[in-house]
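Student: below: sequence and its predicted model.
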Amino acid sequence: MVKKRTWASIYLFCVFVVLYLPIFYLMFYSFNKAGTMTHFTGFTLDWYKEVFSDKRLIVIVIDTVIVALLSSVISTALGVVGALAVYSTKRRSAKNALLSLNNILMVSPDVIIGASFLILFTLIGIKLGFVSVLLAHIAFSVPIVVLMVLPKLQEMSPTFIDAARDLGARRRDVLLKVVLPFITPGIFAGFFMALTYSLDDFAVTFFVTGNGFSTLSVEIYSRARQGISMSVNALSTLIFLITLAIVLVYYFFSNGIGKAKSYSGGRRV
Amino acid sequence: MKKISVMLVAVLILVLVLAFVAAKLTGSTTRAGAKTLTIYNWGDYIDPTLITKFEKKYGYRVVYQTFDSNEAMLTKIQQGGTSFDLIVPSDYMISKMRDEHLLLPINMKNVPNLKNVDSRFMNLSFDPNNRYSVPYFWGTVGIVYNPKMLGGDKITSWNDLWDKNYKNQILLVDSAREIIGMGLNSLHYSVNDTNEKHLDQTLRKLKRLTPNIKAIVGDENKLLLPRREAAIGVLWSGDAVEIMDENPELTYVIPKEGSNVWFDNMAIPKGATNKKGAEEFINFMLDPRNAAKNAEYVGYATPDKAAMRYLPKKIKNDKRFYPDKKLTDRLEVYDNFSKPMNAKFNELFLEFKMSHH
C-alpha cells in the first residue's frame, strides 16, 4: 500500500514538473541581462521596466482581462439558461438536436468562427473593436458553459424538484433555492473555463479586433516577426504571479466560507 | 446562490476598476477630442517614443495596431470594419494592393522630407514614381554563417554553399521565392527569371545542394544558428541582425552574384479617414533624426540617406547591412508574379523539398 502511494506521488511529481518547468524556464530568463533565452549572463530588472513603460501593452493587458471577465459572466448567464432549456426539453429528438448544435460550435475550428464573425460584423455595420471582440468571445464561450452545467443538472435527482413543488415552492423558488445551488459548482466551472478560453483565444479574436483594440495573444503574436523580446517573458511572469495570487486568495476565501458554514450548520443541529 | 452573487459583484467591480485604470492610462498620453490617426504596422516595428513625439507635435491621437503578415493585413483591409490611415506592407504587397485599387496616391506636397530618401530606393518596380508608397525599412536575402565552425572559411557567394566540406551544415529558410531565387542567382540569372529552361536548370542545381542541407526551417533558424546547431543559414538580413546579436561569432554576407532586396513601405489604404495626418506621419518618419532613432530601435536598415548622420558609426559603416551602391546595383526587387507563376515557383520548391528527404 505504501509502495503504491510512493509511485503515485512520483508520477504526480513528474507530471507537475512537465507542466511547470516551461513556465519557470520562461520566468528565469525574464531576469536575463543578455535578452535571450539561451544563456544567462546576469541579473537585470530592465525587462520589467520596459513592460511598465510600454503603456500600450499595459492597456492591452487590461483590455484583455476586461473582455475575459465580461464575456465569461455574460456567457455563463446565457449558458446556464441554455443548459436549463436543454434539460427541460422533453422530446428526446429535440434534445439531441439542441445538444448537437451546441457541440458543433465547440468543435468547429476557431478560424472559421472568426472569419464568419468578421463577415457578419462588417455586414451589419458593427465597428470592429471592444464590442465585436466581446460579442465573439461570448458566442464561443456559451457552448462551453452549457457543456459544463448540463452534467450537473443531469446528476440532480428529479425528485428534488418534485419534493420542492410538493412542499409548495413556486417555480421561481425551485429554480433559485433548489436547482441553482445544486448546479453552482458547474456554473463556476463553466465561468472559469469561459475565462481561460477568452484569455487564450487567438484565432477568433484576430479576425474581430480593429480600430486599435487588441488583446494580449494577438499582440504577442504580431510581435513574433521580430523575435519575442524578454519583456514578454517579464509580462508572462507578472501575469503568472497575479494568477497565482488570485487562486490563493480564492482558495482561502472559499475554505473560510466552507468552514464557517459547516460550523454554524453543526451548531444548528 | 449567495456565492454566485458575491462572485458576480466582485467581477463587475473588478471590471469597473480596470476600465477606469485603462481610461486613465490612455487619457494621460493623449488629449480628448483630438483627431485620430490609425496606424497598422508590423508588431514591434517602431520606436514607441516616436509615436508620443508625433502626437505632441501634430496634436493627433494615434491609434496603433499591429499585424504579423502581409496577408493578414490585406484581409483586414479588404474586409473593412476598421478605417486604417497608414499601413506598412512589403514590396510585392504594394503592387498587389495597387492593382486591386486598395491604395490612395500620396500627395507628396505634404511630404517634403521625401528628398531625404536615398535615390537608390526610389522609383522601384513595385511602385513606379512612388505614387502610392514611401520606403520605411529595407533589407536583403543573404547568408549567415559561423566562420569558427567552418575552420575560418569565408563565404562570399551563393556558389560557395555547394562546397563538399559543408555537408549537413546549411539551414534554408522555408520560402519558395527566396530559395528558387538563390538557385537562379547562383546560375547568374535574375531572381525574377521565368524562363522554363532556366528554372529546370535551377531545380537540378538546387537538388545537388541536398547533401549540404541540414533542414528547411521557418523562424527556428533564429534559435538554431546562435546555438551552433548549424554553421550556415540562408535568410533575411533582419533575422541576421538578431542572430548576430545573440551570438557575435556569426556574420552575414550578401552573395556577390546578387540577391533579393526587400522593402517595407508606408502607404495609405483606401478608406483612410485622415489622409492628411497619414502624410504628416510619413513626413515625420522621414525626418533624419526620427528615422535614425527608429532604425536604432528596430535594427533594420533605413532608406533615409539624411539619417546616416545621426546613426552611430558602428551601424552606418556596416557594409553587410548598409551595402554600397556597387552591391545594391546587383540586388533585385521581386516582381509581383501572376498566380500561375507563383504556383509554378511553389511547385518547383516543393519538388526540391521532396528530394531533400
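Tutor: Received the coordinates, thanks.
Student: residues contacting the residue nearest to residue B:162 when sequence neighbours are not counted?
Tutor: Leaving aside its sequence neighbours, residue B:162 sits nearest to residue B:209 (Cβ to Cβ, 6 or more residues apart in numbering or on different chains; 6.0 Å). Heads up, the C-betas are built off the backbone N, CA and C, glycines and all. Residue B:209 makes contact with B:161, B:162, B:170 under the criterion Cβ atoms under 8 Å, 6 or more residues apart in numbering or on different chains.
Student: would TSV of the residues you listed with distance to residue A:199 be doable?
Tutor: Output for the contacts of residue B:209, formatted as TSV (distance: Cβ to Cβ, whole Å):
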residue	distance to residue A:199
B:161	45
B:162	50
B:170	40
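Student: so how do I select the buried members of those residues in ChimeraX?
Tutor: Buried subset of those, written as a ChimeraX selection, criterion 16 or more other Cβ atoms under 10 Å in any protein chain shown:
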select /B:161,162,170
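Student: from the contacts of residue B:209, pick the one nearest chain A.
Tutor: Proximity of the contacts of residue B:209 to chain A (Cβ to the nearest Cβ) peaks at residue B:170, which lies at 20.9 Å.
Student: correct me if wrong: the closest one contacts residue B:230.
Tutor: Yes. In this structure, residue B:170 is within contact of residue B:230 by Cβ atoms under 8 Å, at 6.6 Å.
Student: rewinding a little: sitting in helices, which of the contacts of residue B:209 do you find?
Tutor: Of the contacts of residue B:209, none are assigned to helices by DSSP state H.
Student: give me the number of residues near residue 249?
Tutor: Went with chain A since none was named. By other Cβ atoms under 10 Å in any protein chain shown, the residues close to residue A:249 number 10.
Student: wrong chain, I was asking about chain B
Tutor: Based on other Cβ under 10 Å, the number of other residues close to residue B:249 is 14.
Student: from chain A, how far out is it?
Tutor: Residue B:249 sits at a distance of 13 Å from chain A (criterion: Cβ to the nearest Cβ, to the nearest Å).
Student: go on, residue B:174?
Tutor: 15 Å.
Student: got it, and residue B:206?
Tutor: If you go by Cβ to the nearest Cβ, the gap between residue B:206 and chain A works out to 26 Å.
Student: just checking, that residue touches residue B:179?
Tutor: Yes. Using Cβ under 8 Å, residue B:206 makes contact with residue B:179 at a distance of 7.1 Å.
Student: isn't residue A:69 right up against residue B:14?
Tutor: Yes. Counting by Cβ under 8 Å, residue B:14 is a contact partner of residue A:69 at 6.3 Å.
Student: comparing the two, which residue is more hemmed in?
Tutor: Remark: of residue A:69 and residue B:14, residue A:69 carries more neighbours, 21 against 13, as counted by other Cβ under 10 Å.
Student: pLDDT wise, what is that one at?
Tutor: If you check residue A:69, the pLDDT there is 91.
Student: low-confidence regions, the chain specifically.
Tutor: The chain I'm using is chain A. A:1-2, A:35-36, A:38, A:224-228, A:253-269 (pLDDT under 70).
Student: meant chain B actually
Tutor: B:27-34, B:81, B:356-357.
Student: thinking residue A:74 is in contact with residue A:138, fair?
Tutor: Yes. Residue A:74 lies in contact with residue A:138 (Cβ under 8 Å); the separation is 5.1 Å.
Student: in terms of packing, which of the two has more residues around it?
Tutor: A count of neighbours by other Cβ under 10 Å puts residue A:138 above the other of residue A:74 and residue A:138, at 22 against 17.
Student: so that one makes contact with residue A:73?
Tutor: No. Using Cβ under 8 Å, residue A:138 makes no contact with residue A:73, being 9.4 Å away.
Student: ok so, going back, now the common contact residues for residue B:170 and residue B:230.
Tutor: residue B:214.
Student: count of residues packed around residue B:268?
Tutor: 25.
Student: how about the residues of the stretch 51-200 of chain B near chain A?
Tutor: Taking Cβ under 8 Å from any Cβ of the partner chain, the part of the stretch 51-200 of chain B that reaches chain A is made up of B:63-69, B:72, B:76, B:79-83.
Student: can you flag which of those belong to helices?
Tutor: Those of these lying in helices (DSSP H): B:72, B:76, B:79.
Student: so the first one is in contact with residue A:206, correct?
Tutor: Yes. With contacts counted by Cβ under 8 Å, residue B:72 reaches residue A:206, the gap being 7.4 Å.
Student: measure the closest residue to residue B:67 other than its chain neighbours to residue A:121 for me?
Tutor: Spatial nearest neighbour of residue B:67, chain neighbours left out: residue B:73 (4.3 Å); criterion: Cβ to Cβ, 6+ apart. Residue B:73 sits at a distance of 18 Å from residue A:121 (criterion: Cβ to Cβ, to the nearest Å).
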